[in-house]
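In: what's the 3D shape of this:
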Amino acid sequence: MKRISVLFFMMVLSVSTSVWAQVPFSKQATYNKMRQVADWQIADFNTNQRHDDVNWANAALYIGMADWAQLSDKVDQYEVYYQWLDSIGRRNDYQLGRKIYHADYMAVGQTYMALYEKYQVPEMLWHIQARLNWIITHPSHYSMQLDESLPHTCDRWSWCDALFMAPQVFAHMYTLTGDKKYIDFMNQEWLTTYKLLYDKNEHLFYRDTRYLGKRETNGKKIFWGRGAGWVAAGTANLLRILPVKDKNRKFYEEFFIENCTRLAALQCADGYWHASLLDPESYPSPETSATGLITYALAYGINAGLLDQTKFLPVVIKGWQGMLKAVDPSGKLGYVQPIGADPRKVTRDMTEVYGVGAFLLAGCQIYQMGK
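Out: Coordinates of the predicted model:
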């Protein structure tokens, strides 16, 4: 019996090694490229800041930067990226955005919590916990039918991007405190969004209720690339937080596998996921925010043992190769679709902070695969 087990292990190891041998990226090259992109972005942020410190767009950058800071600190004992993030936290007193219920205004909390994991400073959590406690004891009962002309329309997670922004804050507070009220609230709201916006035939999320029934030029349903990326990457981040034995984990793992399988099939020949997932011909330009987020999710799935290496690794390789092509010699990431609620045209000169956040999230997972 023991001999059979040893032989089986050797066979699995052999297959695994042969699959990983396909990865054409070295750890050092991946690390160097991430540093170049991160340094360009910090320099641009410090001189040409486009958004308020705690805006969701910057929060998405910080989430990727926190992963990069952890990697850089581990590899080179280089703490400057943690220090940059903490300088932003300190000048904002580690506070969230002004709208109490709005998911976009909670996203920065994910970075404060990453900083807390590093420095163990209680003040980093005070405002987050106070906000979450208020929301749980005074839950919004506003409609899930999104109407941006109304003041409280985003009090619920009524658009798919919200699944990247807020659930992870509740889940992380649960793991830090052991208080189940945080995870119970998160599950309740996540499932409400899922039941409303997830198309079980397409295995994709609509952006919000305004897109139910709408069609692209080619007659297909409208699912935008970055919206899908927010969901996939957000679910990956949630799985990284949830304990392995948590009773809720099985549902999120099953959803993640189903969703990632669909997304892998929608990658275009150039390695990118374009602005519109089902009508890429109408949006032929590369789109790196969607591609970075989806590549990150798929790479995480492989590294975590949730996605089959043989099937998904070629998709990840093509996605990362596409991301690298979009970085110019200075370290600027291009082809980032601008802020908006639906697919839009994009050019090489367009960049945005959340695209860099996605690049860094993906790069840290690619680094784990490198030789």
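
In: nearest residue to the residue nearest in space to the middle of the chain other than its sequence neighbours?
Out: Computing the C-alpha centroid of the chain and ranking residues by Cα atoms, centre = their mean puts A233 first, at 3.1 Å. The shortest distance from A233 to any non-neighbouring residue, by Cβ to Cβ, 6 or more residues apart in numbering, is to L293 (4.1 Å). Just so you know, the C-beta spots here come from the backbone N, C-alpha and C atoms, and that holds for glycine as well.

In: the one you found against R226, yeah?
Out: Yes - assessed by Cβ atoms under 8 Å, L293 is found in contact with R226 at 6.9 Å.

In: who's in contact with the residue nearest to the centre of the chain?
Out: By Cβ atoms under 8 Å, 6 or more residues apart in numbering, the contact list for A233 reads F164, L293, I294, Y296, A297, A358, L361.

In: state the helix or strand in which it lies.
Out: Using DSSP states H and E, A233 maps to helix 225-241.

In: again, but for W157
Out: Applying DSSP H and E, one finds W157 in no helix or strand.

In: I'd say it and A166 touch.
Out: Yes - using Cβ under 8 Å, W157 is in contact with A166, at 6.4 Å.

In: among those two, which residue is more densely surrounded?
Out: A count of neighbours by other Cβ atoms under 10 Å puts A166 above the other of W157 and A166, at 27 against 24.

In: leaving out sequence neighbours, find the closest residue to the more buried one.
Out: Among residues not flanking A166 along the chain, A103 sits closest, at 3.7 Å (Cβ to Cβ, 6+ apart).

In: just Y367 next, same as before
Out: Per Cβ to Cβ, 6+ apart, closest to Y367 is T30, 4.8 Å.

In: what number of residues lie near that neighbour?
Out: Look at T30: counted by other Cβ under 10 Å, it has 23 neighbours.

In: what secondary structure does it sit in?
Out: helix (DSSP: H, G, I helix; E, B strand; the rest coil).

In: check contacts around it.
Out: Residues near T30 by Cβ under 8 Å, 6+ apart: G363, I366, Y367, G370.

In: out of the residues you listed, who has the most neighbours?
Out: Of the contacts of T30, with other Cβ under 10 Å as the count, G363 tops at 29 neighbours.

In: can you tell me the helix or strand for that residue?
Out: Assigned by DSSP H and E, G363 falls in helix 353-369.

In: picking up where we left off before, using the three-state scheme, assign the residue nearest to A233.
Out: Classified using three-state DSSP, L293 is helix.

In: tell me the mean pLDDT for the helix holding A233?
Out: Average pLDDT, helix 225-241: 98.

In: swap in stretch 336-343?
Out: For stretch 336-343, the mean per-residue pLDDT is 87.

In: residues of stretch 271-283 that come out buried?
Out: For stretch 271-283, a neighbour-count test (16 or more other Cβ atoms under 10 Å) marks G271, Y272, W273, H274, A275, S276, L277, L278, D279, P280, Y283 as buried.

In: in a markdown table: those, plus distance to K181, secondary structure and pLDDT.
Out: Converted to a markdown table, these look like this (distance: Cβ to Cβ, whole Å; DSSP: H, G, I helix; E, B strand; the rest coil; pLDDT from 0 to 100):
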| residue | distance to K181 | secondary structure | pLDDT |
| --- | --- | --- | --- |
| G271 | 43 | coil | 98 |
| Y272 | 41 | coil | 98 |
| W273 | 36 | coil | 98 |
| H274 | 41 | coil | 95 |
| A275 | 39 | coil | 94 |
| S276 | 39 | strand | 95 |
| L277 | 36 | coil | 97 |
| L278 | 39 | coil | 98 |
| D279 | 42 | coil | 96 |
| P280 | 43 | helix | 95 |
| Y283 | 42 | coil | 93 |
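
In: closest one to R50 out of the residues you listed, please.
Out: Proximity of the buried residues of stretch 271-283 to R50 (Cβ to Cβ) peaks at A275, which lies at 20.1 Å.

In: any idea how far D349 is from the closest one?
Out: 16 Å (Cβ to Cβ, to the nearest Å).

In: just give the closest residue to F164, not the sequence neighbours.
Out: In space, F164 is closest to G234, 3.4 Å off (Cβ to Cβ, 6+ apart).

In: contacting residues around that neighbour?
Out: Here G234 is in contact with L163, F164, M165, P167, Q168 (criterion: Cβ under 8 Å, 6+ apart).

In: wait, isn't the second one in contact with M106?
Out: It stands for F164. No - between F164 and M106 there is no contact under Cβ under 8 Å: 10.8 Å.

In: quick one, which of those two is more surrounded?
Out: Counting neighbours by other Cβ under 10 Å for F164 and for M106 shows that F164 has the greater number, 30 against 27.

In: and the more buried one, how far is that from K181?
Out: Applying Cβ to Cβ to F164 and K181 gives a distance of 22 Å.

In: repeat that for I135.
Out: Remark: distance between I135 and K181 (Cβ to Cβ) = 11 Å.

In: for W56, same thing?
Out: From W56 to K181 the distance is 25 Å (Cβ to Cβ).

In: appreciated, that's everything.
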